[in-house]
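Novice: 3D, please:
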Amino acid sequence: MALVSCAHLDRSAPSAYLEGFELTQRTLAFDGKYFGDAGQYEVVAGVASLRADPRAAANSGIVDIDQAAARDGWVHYKTNVVVLRPRDPTRASRVLIVDLPNRGNKLFQYMVNEGNGRILEDGADGIGHTMRSGHTLAWIGWQGDIPLSKDAAPVGMALPLATDRGKPLTGWTLQEAEFGDVKPVSAMRLAYPAAAPGARDARLTVHERTGDAPMELTTWRWLSDREIEITRPPRFDAGAVYELRYLARDPKPMGLGFAALRDVTSWLKSGAGANNPLHDLKPSVTLAVGISQSGRALRDFIWQGFNAGLDGRRVFDGAMPLIAGAKKSFTNFRFAQPGRNSTQHNEHLTPGDQFPFTYAVTRDPLTGGVDGIFGRCQASATCPKLMHVDSSTEFWQGRAALIVTDGAGRDLPLPADARAYLISSTQHVYASGAVTPGTCRYLPNTATQAPAVRALLEDLVAWARDGRSPPPSQYPTLGEVKLAEPSAQAVGFPDIRPVPVDYPKVINELAVTNYHAVPPAPVPSQRYQLLVPMADEDGHDLAGIRLPDIAVPLATHAGWNLRREVFAEGELCGLTGMMLPLPAVNTPGDPRRSIAQRYPSRLEYAKAVALVARDLRDRGLLLQEDVDRYIERAKSEPKVAP
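Specialist: Residues are numbered from 1 along each chain as shown. Coordinates of the predicted model:
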């Protein structure tokens, strides 16, 4: 377990960011399983010790970096690094995929390999796509409120505090909680310690629905500087949202997470040092992927200019923000909370969601500002080849229409190096099978996204490494008449009465907002126009990559769901979408054709699935192995008559 220090630590050297790397683990992955031509995989994990120069132009945008410098003038910090690589470098594809951890978790294992997120034991590899392809995966801690861990599970960081000349730095911040139950007393945990616990100027409010006027509560007390106890009023249901405005202390320069991604990736790519996990496997192409929270962070990383390394070169050749919508992240702020995510009902006013939204440099119709996610990287010639991939849920909860529209009813073109894909009628999170509705009114959406993501990943590899153009964007636009106002009539969603199905009356609205105020202050007169995909006669998105579950349906799948009674009824429910099985036979009041009417036999159903799957394969949107899986599954589908 040796600490290996870099040879060059002067301020002018690009390698000056890395002080050392302590190797903590090197072991066979997946219980020594072989993955075809790629052979066995191993896990190489450790802790990178880094330092950042607050005076360097590349770090100048990191909030509070100058408040965290040590006596030597540098900011010192550490981060977990985990690499999953072919044991034999001659068998590797030389493709490095950096999966930005989601709240410290290795989520790409779920999304693309359909594994369980772990990388050591047998059976955790799922279908093993990236391993069979010979790709190397890496996870680098970027979220500063996830603690550094010895075994890198979760993948975290250790950041210094930002101080005011050595004294605690304070400021007003907001903490929010929704308890999801009707208990009379609950505790709220705070992200940052209170500067003066017990202070009377802290203010707790509650509201039941977004847009309701908040009601101030006095029935609460401090338990410690990190926790309060709330005696909840009986008039509010289980979905009520509680917000505490308080004076906090001890922020951290969370933007260093972006510097860690930039600098550790650059070091891994270089292969420099005997303890570098890739010293014998220098990649030919490096990709970044991020899912949900980490997809938003990846967009933020690019927008803030971190894809330019300290040597001025491009860090990531390709990037794939997955299910990020038009959002960025609450990371590079004082008193940041990178884990927060704005939804229609809770965490609604989360910083990081303001203009710009799309990749091209455009003018904001409301503020007049000019910017784009690619603004800085275009100026430095460091933009990655980028695939933006969303589910249908992102149009409802993530304002995804702003990726291709200007918020005032006009289409916007994407840059030449960007593509956008909607995986039609899927939900935000990875679907692994039927589960109960929980706080939602309808069953969750079980249509999977993984087959499309696998194909797009290989398309991105070919684009970034070989220059081979990927499939054109598959994303709804106004010009194609595939986006509409969020109403059942405008969208064309079927009027299903036997259940009945209520179409949403709300969406995660967005207004120009002053985030310097605590709580944030939106301007109601300056709201962006938000649109959603139009639907076919079954309620499925017309646009996008229509996988067999959608194109040859056995149920209606949607990206939205509604909260049920007692849980803020009628508000949008979470991120799991909705599923409503098709009737087995024709049913009065249900305009959808029955399963029996659509598919006279299981063979006819399998033929229809095969036709759709092969067409997607021919367009570069499905791999042959997934075509085969779809057909085999269709041959034994129990919902269709033999």
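
Novice: alpha carbons only for contacts and neighbour counts from here, please
Specialist: OK.

Novice: Run the chain-centre distance for stretch 570-590.
Specialist: Mean-position distance between stretch 570-590 and its chain equals 26 Å (C-alpha atoms, centre = their mean, to the nearest Å).

Novice: mind listing what's buried in that stretch?
Specialist: Across stretch 570-590, burial judged by 16 or more other C-alpha atoms under 10 Å covers 570-580, 582-584, 590.

Novice: State the pair within those residues that is farthest apart.
Specialist: Farthest pair in these (C-alpha to C-alpha) is E571 and A584. Separation: 30.2 Å.

Novice: Would you mind splitting the protein into its domains for me?
Specialist: Per the record, the chain has its domains at 1-162+252-283, 170-249, 599-642, by automatic domain parsing.

Novice: Save those domains as a markdown table, and put in mean pLDDT too.
Specialist: Below are these laid out as a markdown table (pLDDT from 0 to 100):
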| stretch | mean pLDDT |
| --- | --- |
| domain 1-162+252-283 | 90 |
| domain 170-249 | 96 |
| domain 599-642 | 98 |
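
Novice: Point out the most buried one among those domains.
Specialist: domain 1-162+252-283 (a mean of 20; mean count of other C-alpha atoms under 10 Å).

Novice: contacting residues around H129?
Specialist: 112-113, 454 (C-alpha atoms under 8 Å, 6 or more residues apart in numbering).

Novice: Which member of those is positioned nearest P519?
Specialist: Among those, and counting by C-alpha to C-alpha, the member closest to P519 is V112, at 38.3 Å.

Novice: I'd guessed that closest one sits against L456; true?
Specialist: No. Using C-alpha atoms under 8 Å, V112 is not in contact with L456, being 10.1 Å away.

Novice: in what helix or strand does V43 lie?
Specialist: strand 41-52 (DSSP states H and E).

Novice: what's the helix or strand just after that strand packed up against?
Specialist: The element immediately downstream of strand 41-52 (helix or strand, assigned by DSSP H and E) is strand 75-86. Contacts defined by 3 or more C-alpha pairs under 8 Å, 6 or more residues apart in numbering; DSSP states H and E place strand 75-86 against strand 41-52, strand 136-140, strand 157-158.

Novice: what's the closest of those to M387?
Specialist: strand 136-140 (18.1 Å).

Novice: would CSV of the contacts of H129 with secondary structure and distance to T79 be doable?
Specialist: Listed next are the contacts of H129 as CSV, based on DSSP: H, G, I helix; E, B strand; the rest coil; distance: C-alpha to C-alpha, whole Å:
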residue, secondary structure, distance to T79
V112, coil, 25
N113, coil, 25
R454, helix, 29
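
Novice: Between those residues, which sits nearest W396?
Specialist: V112 (23.7 Å).

Novice: give me every residue that touches the closest one.
Specialist: Counted by C-alpha under 8 Å, 6+ apart, V112 has contacts 129-130, 450-451, 453-454.

Novice: For P251, report the pLDDT, please.
Specialist: Note for P251: predicted pLDDT of 98.

Novice: ok, back up a step: closest one of the contacts of V112 to D390?
Specialist: V453 (10.2 Å).

Novice: measure that closest one to A92 for me?
Specialist: 21 Å (C-alpha to C-alpha, to the nearest Å).

Novice: same check, this time on R209
Specialist: For R209, the distance to A92 - C-alpha to C-alpha - is 52 Å.
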